[in-house]
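structure, please.
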Amino acid sequence: MSALAGAIWTADAAPLTGECLASMLSALAGRGHGEIDVFELPVRPGLAHLPIPGVALGCRGRKGILDEGRAIALADGELACALDGELDNRVELRRRVDGLGCVLRTQADAEIVLRLFQNEGPDCFAHLRGPFAAAVWDADHRRVVLARDRFGQKPLVYHAEGGRLVFASGLRAILALDGFDPSIDPGALDEYLAYGYVPHPHTIVRGVHKLPPGYVAIHRDGKLSFQKYWEPDFATVRRGSARHYQSDLRERLAAAIAHQTAGEETVGVWLRGGVPSAAIAHLASQAAPGRMRAFSVAAPGAPEAAAARHVAEQLKLPHQPLLPEEPGREALESLSAALDEPLADPALWTRGSFLRQAAEHVQAVIEPAGADELLAAHPRHTALLTWSDCLPSWLRRLIAPRAAWRVEEAQFRRRTLPLDRQREYLKAIAILDESARAGLYREEQLAQMPGDPMDFLRASFARLPGREALSCLSLVDLVTDLPGRQLAALDAAAGAVACRLPLLDRDVAELLIAMPSSLKGKRAMRLLAGACLPRELASVSRRHHEDVAAPVAAWLRGPLAGVLREVLLDSGAVCREFFAAEALESLVRAHSDGRADHGGRLWALLVLELWLRRHAPALHATAVTGAQSQSEA
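Here you go, the predicted structure:
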């Protein structure tokens, strides 16, 4: 992993010194353990008469053959680039740079980005594939340009105030700024309790924002603007037979895996007993013969362990069973320290346990992230369908041409899923629904609560006009839950091991986004199995959704019961600034006594409290405020 940080400021704004920039990068030590490179970029003599702003740019990270020199600057200061991440298509991009008549001096991905930007400006980011966050200083146009990968695999946050833009790979770097007076954003807190994460563009801290996936931000002359460099064509459905999709999917997925594993000496895969991980393991074993190792994380005798062992044997892969770890207080505090902001995903612990153990054996891990969203494989996607959703459109027209739902369908095709069904979906996925959140807050906090968490979901559904219900429900997760929760958890848990996500390759994702609903769900899993698995593994096709959830309810009644009471029922708990003590005590007692299952809710509150305590010296946890939550992009 690596990290970037920097700032651009006008003449009347506070500058960012090299010492302060180094402190910001030090705060991101968990993201990169290499040297800290800091550029305090000078004004070129030929442009001294222009209002050139002050600029500082820095990066830190591991050094290696493919990622040496994370920060690159041209000798005359005309351009500089800091990059967090890696490019999957670096070979193709190096050829593109050669064709532009540029000479690359290093093997650094950052130099590739810099040379492409030199010739194509912000449009160059559309050519990049893989996880990345980038910052480019462009002296000719007196601007800093920020960019984030298509799905949000790498984080990038910023704070704009008084003619200065400060940006970094994590919120902790912004909190380390001298003179920054942070406080909790109450609207973002409400979103966290609803979704289990804070959706972009907000963060838990007022005034600090996430750059949304697929976006470019440009700061020039004290003004910040945004443009989207990639948006999937959600409206177009690509018709075709299952056999045609099988052939195309196998070709694209195999190419993505070959690109993503090319530079790694050893690659691991977490076999979970289902189709997605088995399919990726099979293609990866062909792309990286002799370099693959299979892992499973399950208690001895569990069905997942037996299924993983069967897949590994059939693919002739070395198999390493890993035992799941149970968290204690010290481990939970370490987990909260690794989070830039609260993240109520118990699977973060499961993934972290796997990645920590896998890092002892392999350099990179290949993951089937995105399978549920692109293939509609999660049970909740089908659970919320109505009977009419399950009929083909020609049959709906035939049997009930005047039915009320036909009118609803016409409205849906012009816009998106009806609002009442959007609210039903939010209720199904919410950690705490609207009534539960209302019962948790202190009265004075509730009276001042701005906004509605539903706004984020409503805006995301609006990006999916005309899609049938199953695709709508799964693809909305692609632009909400995937970047906000799953990829954030994977980034936080990765540590020293690189994560490769071939299903999120642009060509693979665009194919599956355009797939009709008639080929999704269980049929999509059979399609994936037919495309990527040998006949010997046909039995795997009966397992579709691969759950990585942790037994959080049992933990909070067992090994973490004491920690739960000590943390949430402590009279000095920071979260009591926001929540009523009686409501917290009621939740804890009802769960501990077995009268209710509040595991998900209590886990969210426990993670929040530990995170608040960790960052209490920097944060002013102001409970009641009339300020509105910030938003843009």
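
any weak-confidence spans in the stretch 451-600 of the chain?
For the stretch 451-600 of the chain, applying pLDDT under 70 flags the ranges 539, 541-549.

quick one: the strands in it?
All strands of the stretch 451-600 of the chain, identified by DSSP state E, counting those that start in this stretch, fall at 498-500.

quick one: the helices in it, in order.
Taking DSSP state H, counting those that start in this stretch as the criterion, the stretch 451-600 of the chain carries its helices at 454-461, 469-479, 481, 487-494, 506-513, 522-532, 552-557, 561-568, 581-592, 599-615.

any idea how far Glu333 is from the nearest residue in space to Arg485 that is not next to it in sequence?
Nearest non-adjacent residue to Arg485, counting by CB to CB, 6 or more residues apart in numbering: Tyr197, 4.5 Å away. To be clear about C-beta, it is placed using only N, CA and C from the backbone, and glycine gets the same treatment. The spacing between Tyr197 and Glu333, counted by CB to CB, to the nearest Å, is 20 Å.

so the two - more neighbours on which side?
Using other CB atoms under 10 Å as the criterion, Tyr197 and Glu333 rank with Tyr197 on top: 24 against 16.

so for Leu440, which of the helices of the stretch 451-600 of the chain sits nearest?
Proximity to Leu440 (CB to CB) singles out helix 581-592 among the helices of the stretch 451-600 of the chain, at 4.8 Å.

contacting residues around the closest one?
Helix 581-592 is contacted from outside by 439-440, 553, 556-557, 561, 564-565, 568-569, 571, 573, 575-576, 596-599, 601-602, 605, using CB atoms under 8 Å, 6 or more residues apart in numbering.

list buried residues within the residues you listed.
440, 553, 556-557, 564, 568, 573, 575-576, 598-599, 601-602, 605 (16 or more other CB atoms under 10 Å).

in stretch 375-390, what counts as buried?
By neighbour count with 16+ other CB under 10 Å, stretch 375-390 contains the buried residues 375-378, 381-382, 384-385, 388-389.

let me know the closest of these to Leu104.
Once CB to CB is applied, the member of those that ends up nearest Leu104 is Leu375, at 38.2 Å.

spit out the contact partners of the closest one.
276, 474, 512, 515, 520-521, 524-525, 528.

in a markdown table, list the residues you listed along with neighbour count and distance to Gln153.
What follows is those, written out as a markdown table (neighbours: other CB atoms under 10 Å; distance: CB to CB, whole Å):
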| residue | neighbour count | distance to Gln153 |
| --- | --- | --- |
| Pro276 | 27 | 17 |
| Ser474 | 27 | 19 |
| Leu512 | 29 | 17 |
| Met515 | 22 | 22 |
| Lys520 | 23 | 23 |
| Gly521 | 22 | 26 |
| Ala524 | 26 | 23 |
| Met525 | 24 | 24 |
| Leu528 | 29 | 21 |
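
re earlier: tell me which element the residue nearest to Arg485 is part of?
Per DSSP states H and E: Tyr197 is located in neither a helix nor a strand.

then Leu317?
Using DSSP H and E, no helix or strand contains Leu317.

my guess is Leu527 meets Ser241, correct?
No: counting by CB atoms under 8 Å, Leu527 does not reach Ser241; the two are 10.2 Å apart.

the bottom helix or strand of this structure by mean pLDDT?
When the helices and strands of the chain are scored by mean pLDDT, DSSP states H and E, helix 404-414 comes last with a mean of 46.

so of the buried residues of stretch 375-390, which ones are in helices?
375, 381-382 (DSSP state H).

distance to Asp185 and pLDDT for those residues - can I get that in TSV?
Below are those laid out as TSV (distance: CB to CB, whole Å; pLDDT from 0 to 100):
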residue	distance to Asp185	pLDDT
Leu375	35	94
His381	31	86
Thr382	35	84
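
between these, which is closest to Leu25?
Leu375 (38.9 Å).

residue ranges in this structure under the pLDDT threshold?
Short version for the chain, where the test is pLDDT under 70: 1, 32-37, 39-52, 61-71, 73-77, 299-302, 387-416, 539, 541-549, 616-633.

rewinding a little: just say which of the helices of the stretch 451-600 of the chain is most tucked in.
Ranked by mean neighbour count, the helices of the stretch 451-600 of the chain are led by helix 469-479 with a mean of 24 (mean count of other CB atoms under 10 Å).

can you name the element that comes right after that helix?
helix 481.

can you list contacts of that following helix?
195, 373, 429.

show me where the stretch 151-300 of the chain has its strands.
157-161, 164-168, 209-210, 215-220, 223-228, 267-270, 292-297.

mean neighbour count and distance to Leu21 added to the ones you listed, as JSON lines?
Formatted as JSON lines, these follow (neighbours: other CB atoms under 10 Å; distance: least, CB to CB, whole Å):
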{"stretch": "strand 157-161", "mean neighbour count": "21", "distance to Leu21": "14"}
{"stretch": "strand 164-168", "mean neighbour count": "26", "distance to Leu21": "9"}
{"stretch": "strand 209-210", "mean neighbour count": "26", "distance to Leu21": "20"}
{"stretch": "strand 215-220", "mean neighbour count": "22", "distance to Leu21": "16"}
{"stretch": "strand 223-228", "mean neighbour count": "13", "distance to Leu21": "19"}
{"stretch": "strand 267-270", "mean neighbour count": "27", "distance to Leu21": "35"}
{"stretch": "strand 292-297", "mean neighbour count": "23", "distance to Leu21": "38"}
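
relative to Ile280, which of those strands is closest?
Nearest of those (CB to CB): strand 267-270, 6.2 Å.

please state the offset of that closest one from the chain centre?
20 Å (CA atoms, centre = their mean, to the nearest Å).

next: stretch 554-568.
28 Å.

try stretch 354-367
So, by CA atoms, centre = their mean, the centroid of stretch 354-367 is 19 Å from its chain's centroid.

and it, what's buried?
Buried residues in stretch 354-367 (16+ other CB under 10 Å): 354-359, 362-367.

tell me which two of the residues you listed sit farthest apart.
It's Arg356 and Ile366 that sit farthest apart of the buried residues of stretch 354-367, by CB to CB, at 17.0 Å.

contacts only, for the nearest residue to Ala573 once chain neighbours are set aside.
Among residues not flanking Ala573 along the chain, Glu609 sits closest, at 5.7 Å (CB to CB, 6+ apart). Listed by CB under 8 Å, 6+ apart, the contact partners of Glu609 are 567-568, 573-575.

now do Pro213
With CB under 8 Å, 6+ apart, Pro213 has these contacts: 148-152, 200, 479, 483.

how much space between the closest residue to it other than its chain neighbours and Ser225?
Using CB to CB, 6+ apart and skipping the chain neighbours, the partner closest in space to Pro213 is Gly152 (3.5 Å). Per CB to CB, Gly152 is found 20 Å from Ser225.

for Met515, same thing?
Counting by CB to CB, the gap from Met515 to Ser225 is 34 Å.

and the ones in helices among the buried residues of stretch 375-390, which is closest to Val208?
For those, the nearest to Val208 is His381 (32.7 Å; CB to CB).
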